[in-house]
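[1] Dropping the sequence and predicted coords here.
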Amino acid sequence: MAITLSISALMGPILLKNVFAIERPNINPLISTGGYGYPSGHSLNALVFFSVAALLIWRYAHQKSTKIIFTAFATVAILLVGFSRIYLGVHTITDVLGGYLAGCAILCTLLLFEDAIKEKLQLLFARWEHGEGAFLAKKTGQK
């Protein structure tokens, strides 16, 4: 899940904004920001973060009421982040919807490969524990 959050943080603000290169709206913004507007990185990351949190609650919480309440909270939080970006004048609705769409794509893709990623990471950590990862420590200066 941490990988999902890391990839979403990089994909929105860094890669996708530079690929699309669509300017921000210039209609009386309440705050000043730089860079491109589409897709909204805040909306993308809010969707991924709160969806991952809700997924973890559904996997590990025992009470159904906890699952439902947190899912409702996550949904409201995701929508409020998008609304706040439009209210502040730093994004249009298409920027926010693009962020949500990109977040869904990242989340679904990584959930599709979740088992394979877990397996590879377990192999990597097993090698590290058995001393096969020592070459990495030497390259990074760790002991």
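    Sure, I can see it.
[2] helix or strand right after the helix or strand hosting Ser6?
    Element membership for Ser6, per DSSP states H and E: helix 2-10. Using DSSP H and E, the helix or strand that directly follows helix 2-10 along the chain is helix 17-20.
[3] List of residues touching that next one?
    35-39, 41, 98 (Cβ atoms under 8 Å, 6 or more residues apart in numbering). C-beta: built from backbone N, CA, C; applies to glycine.
[4] following that helix, which helix or strand shows up next?
    Counting by DSSP H and E, what follows helix 17-20 is helix 41-60.
[5] State the mean pLDDT of the top helix by length along the chain.
    Longest helix in the chain, counting residues (DSSP state H): helix 64-87. The average pLDDT within helix 64-87 is 95.
[6] out of everything not next to it in sequence, what's closest to Ile22?
    Excluding its sequence neighbours, the residue lying closest to Ile22 (Cβ to Cβ, 6 or more residues apart in numbering) is Tyr38, at 3.8 Å.
[7] May I have the residues that are in contact with the one you found?
    With contact taken as Cβ under 8 Å, 6+ apart, Tyr38 is in contact with 16-17, 20, 22, 94-95, 98.
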